[in-house]
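Asker: Turn this into a model:
(one chain, ligands or ions: 1)
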Amino acid sequence: MLLILLQLLVFASCAPPRCDPKFRAKCTDLMLSYCDDMPYAQTMFPNILGHKTREDAEAGAEYLLISVAESLLGGDCNPEIRMLGCSVLAPRCEKEKVLKPCRSTCEAVRRRCSRTFDKIQMAWPYFLDCDRFFVSDQEGCYDPLEGLRGQEEEEAADGLDILLTADSPDTLQFTYHSNTDLISVLKKTEEQCSGIARTYSIGRSMEGRELLVIEFSNNPGEHELLEPEVKYIGNMHGNEVLGRQLLIYLAQHLCSEYLLGNERIQTLINTTRIHILPSMNPDGYELAVSGVSDNNYDFEQEDQRYDSWNIGRNNAQNIDLNRNFPDLTSIVYRRRRQKGYRTDHILIPDYYWFGKVAPETYAVMKWVRSIPFVLSANFHGGDLVVSYPYDLSKHPLGHEMFCPTPDDKVFKFIAATYANAHETMSNENARCGSSRTQSQKGIVNAAQWSSLAGGMQDFNYLHTNCFEVTVNVGCDRFPPEEELAFAWHENQESLLSFMETAHRGIKGIVKDEKGNAIKGARISVRGIQHDITTAENGDYWRLLTPGIHIVSASGQGYTRATKRIQVPSRMKTAGRVDFVLPKAPVNFDPQEEDFSSYDKFDPYNQYQHYTQMADLSQNQEERAEKPWWWNYFALPGVPSPTWLLKQY
Ligand SMILES: [Zn+2]
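Answerer: Purely as a prediction, here's the structure:
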């Protein structure tokens, strides 16, 4: 880059032979073979980039790029990119004068094609910089794509249609999406549905890959008063890949159906804030993909197949992310005989931070604490069942046993909502995998099936207001691509119905007598030893099953208020139950004592450590793993065209 800049500088100030007053550059025949369809026959050297001769131009990385652009870009944006390049490398020459190409043409191509470059992680080439090498109409430019125009105009009428369909997010691609494809599909969906969609990152994986979330809401980027928030997380185990694909399709489906005016989807998005993280473990996925090809190669060797079933399951540090969350369940079990013990907002014990916390786990913990999520599902593979908390068995030896939470009814209800809406999951004949002996109609208590400590769903329930279940979408962890379309069809209704259950139960606002919202007030339901707390603006959501409930609200320094409510069996929106709490005479509730310490996340400031780690590994990755096309350009003895790399 520096070299090229220097060259340019030299050229601009005093480029021999131009410095020689006797020298007059002349038009010469355009002899670059990749430019032979340009709408002119003469060019001049030095060219706009300062190449002094045709040979110079041919030897440069710029010419190499336009000669391979067709295959690099998978046929997209060609011949436009090539012709635009030619207009700079071999500019039009008339009457011994160089004519410069039009900026407007360059800008139009760039608008249309920069995404294609993004897709292959290539920077927009510096020599196609519209401001630098192209000029306006007033400055006497010519259109380098002139030759294409006639052709294009003929196709223009239906061409627009074709473009729209080809670009529209509802064309689901039933093939696996690489990590790069995943990011670009989410970004494209965000662009197409910019009014209701937004992507954001919650952090990076161990190897520096972005953990990208796409959010849907009628007000993306903001929590709206009384609007419940739900999340979907896929690919926590890197080799369990179907959920990841389903979530990509779901994002595209939500976007396209909203635009098409689908009333159900519009209502859902207008009343719910939806967050989708298709891959929590992109590093593991990368490994799993290579594992699958290994498998295919050696598929005769049964032993190797057996060994490789879990390739890519863990993150890049070989940590199983679904064992890496703080084990709060053991704490609850230990305290269960104490008077007034709680099963909500359990603090993360200090010792947790001295263990190995994966950056992916860290990112998700921070995320679930920062948004008032109500409902969540976490997608796995290897079985066909929805499992619900607790994950960890109460049995002293960890033997499998039924270990319900105080919200067992709610969990059974939301788990069954997914299973019943699924094409086959609730059908006993469709059972597969090890849950077979324990599951009923497609749902199972996780501890009864297979006990584990440090799981994500227990953490959600015991540390936040969010109710999470684990959806196992099929026994094949990495099903063949031919099955993706069918799997989407099987799960589509479940994915929607499940999110709609965020509106089951009650919601409301807790205020003081002056009308100020009370943050962190507790909503308790008689008979359920698990409170929900109010969010920033005093709003809360309490998932409940149909029936009569006695609900009360309390807050430190306020008098408790109680209401009797009835949740009907059919409901589309949560019942609204507000509370006004009068100030209490000095009455300190010892239960509230340690609540302020809940806000202290990450007491040893590991965050710094994790971001540094991610940055470091990202840099390493850049040095070690250049994009696949890099080898085309890294030729010995030639300065590497680092301007093609996005991160430079
Ligand atoms: Zn799993």
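Asker: three-state assignment of Val98?
Answerer: Following DSSP: H, G, I helix; E, B strand; the rest coil, we place Val98 in the strand state.
Asker: so it touches Met44, yeah?
Answerer: Yes - with contact defined as C-beta atoms under 8 Å, Val98 and Met44 form a contacting pair (5.1 Å). For glycine as for every other residue, the C-beta is placed from the backbone atoms N, C-alpha and C.
Asker: Between those two, which contacts overlap?
Answerer: Taking C-beta atoms under 8 Å, 6 or more residues apart in numbering as the criterion, Val98 and Met44 both touch Pro91.
Asker: Which of those two has more residues huddled nearby?
Answerer: Legend: neighbour count by other C-beta atoms under 10 Å for Val98 and Met44, higher for Met44 (20 against 16).
Asker: what's the nearest residue to the more buried one if we skip its chain neighbours?
Answerer: Excluding its sequence neighbours, the residue lying closest to Met44 (C-beta to C-beta, 6 or more residues apart in numbering) is Cys93, at 4.2 Å.
Asker: What segments of the stretch 1-150 of the chain are helices?
Answerer: Assigned by DSSP state H, counting those that start in this stretch, the stretch 1-150 of the chain shows helices spanning 2-14, 54-59, 61-72, 80-89, 103-119, 130-133, 146-167.
Asker: can you give me how far the third one is from the chain middle?
Answerer: If I follow you right, that is helix 61-72. 31 Å (C-alpha atoms, centre = their mean, to the nearest Å).
Asker: got the residues of the stretch 401-550 of the chain near the ion?
Answerer: Contacts of the stretch 401-550 of the chain with the ion, taken as C-beta under 5 Å from the ion, are absent.
Asker: Please repeat the previous calculation with a cut-off of 8 Å.
Answerer: The stretch 401-550 of the chain comes close to the ion at residues 470, 472, 477, as judged by C-beta under 8 Å from the ion.
Asker: Same list (those residues) but as TSV, adding secondary structure and neighbour count.
Answerer: Shown next, in TSV, are those (DSSP: H, G, I helix; E, B strand; the rest coil; neighbours: other C-beta atoms under 10 Å):
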residue	secondary structure	neighbour count
Thr470	strand	26
Asn472	strand	27
Arg477	coil	23
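Asker: name the element Asn318 belongs to?
Answerer: Asn318 belongs to no helix or strand when assigned by DSSP states H and E.
Asker: Please report the distance of it from the ion.
Answerer: The gap separating Asn318 from the ion is 15 Å, by C-beta to the ion, to the nearest Å.
Asker: Could you tell me how many residues sit around that residue?
Answerer: Counted with other C-beta under 10 Å, Asn318 comes out at 11.
Asker: Per-residue pLDDT of it, please?
Answerer: Reported pLDDT at Asn318 in the predicted model: 93.
Asker: what residue ranges in the stretch 451-600 of the chain score low on pLDDT?
Answerer: Within the stretch 451-600 of the chain, the stretches with pLDDT under 70 are 586-596.
Asker: Quick one: the strands in it, in order.
Answerer: 467-474, 506-512, 522-525, 528-533, 539-542, 547-554, 561-567, 575-576, 579-581 (DSSP state E, counting those that start in this stretch).
Asker: C-alpha coordinates for the third one, CSV please?
Answerer: Extracted as CSV, the C-alpha positions of strand 522-525 are listed here (Å, rounded to 0.1, in the frame of the first residue of the first chain):
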residue,chain,number,x,y,z
ARG,A,522,-40.4,-8.5,43.5
ILE,A,523,-43.5,-10.2,42.0
SER,A,524,-44.4,-13.3,44.0
VAL,A,525,-47.0,-15.9,43.3
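Asker: in it, what counts as buried?
Answerer: Under the neighbour-count criterion of 16 or more other C-beta atoms under 10 Å, strand 522-525 has 522-525 buried.
Asker: so what strands line up beside that strand?
Answerer: Applying DSSP bridges to the sheet, strand 522-525 is found paired with strand 528-533 (antiparallel), strand 547-554 (antiparallel).
Asker: The first one vs strand 467-474, what angle?
Answerer: Orientation of strand 528-533 against strand 467-474 (axes from the mean of the first three to the mean of the last three C-alpha atoms, to 10 degrees) gives an angle of 100 degrees.
Asker: Over to the last one?
Answerer: Going by the same axes, to 10 degrees, strand 547-554 is angled at 130 degrees with respect to strand 467-474.
Asker: Close to the ion: what parts of this structure are there?
Answerer: 236-237, 240, 313, 322, 380-382, 470, 472, 477.
Asker: the helices in the stretch 351-500 of the chain, which residues?
Answerer: Assigned by DSSP H, counting those that start in this stretch, the helices in the stretch 351-500 of the chain fall at 359-370, 408-421, 446-449, 456-463, 484-500.
Asker: Outline the domain layout of the protein.
Answerer: Using automatic domain parsing, the domains assigned to the chain come out as 2-147+629-644, 179-503, 506-599.
Asker: Nearest to Asn605 among those would be which one?
Answerer: Smallest distance to Asn605 across these (C-beta to C-beta): 9.5 Å, for domain 179-503.
Asker: Who are the contact partners of the residue nearest to Lys646 when sequence neighbours are not counted?
Answerer: The shortest distance from Lys646 to any non-neighbouring residue, by C-beta to C-beta, 6+ apart, is to Ala123 (4.9 Å). Ala123 is in contact with 117, 643-646, 648, counting by C-beta under 8 Å, 6+ apart.
Asker: Pull out the buried positions in stretch 383-400.
Answerer: 383-394, 400.
Asker: Just the terminal-to-terminal distance for that stretch.
Answerer: Start and end residues of stretch 383-400 are separated by 17 Å (C-alpha to C-alpha, to the nearest Å).
Asker: And it, how far out from the chain middle?
Answerer: In this view, stretch 383-400 has its centroid 29 Å away from the chain centroid, taken as C-alpha atoms, centre = their mean.
Asker: Any idea how many residues pack against the residue in the stretch 51-200 of the chain positioned nearest to the ion?
Answerer: Closest contact between the stretch 51-200 of the chain and the ion, by C-beta to the ion, is at Tyr176 (17.4 Å). Neighbourhood size, Tyr176 [other C-beta under 10 Å]: 20.
Asker: Could you identify which of the strands paired with strand 522-525 is most buried?
Answerer: A comparison of the strands paired with strand 522-525 by mean neighbour count, using mean count of other C-beta atoms under 10 Å, puts strand 528-533 on top with a mean of 21.
Asker: Next, the angle from it to helix 456-463.
Answerer: Going by the same axes, to 10 degrees, strand 528-533 makes 80 degrees with helix 456-463.
Asker: so where do the strands sit in the stretch 201-350 of the chain?
Answerer: With DSSP E, counting those that start in this stretch as the criterion, the stretch 201-350 of the chain has strands at 210-216, 229-233, 273-277.
Asker: Sounds good, over and out.
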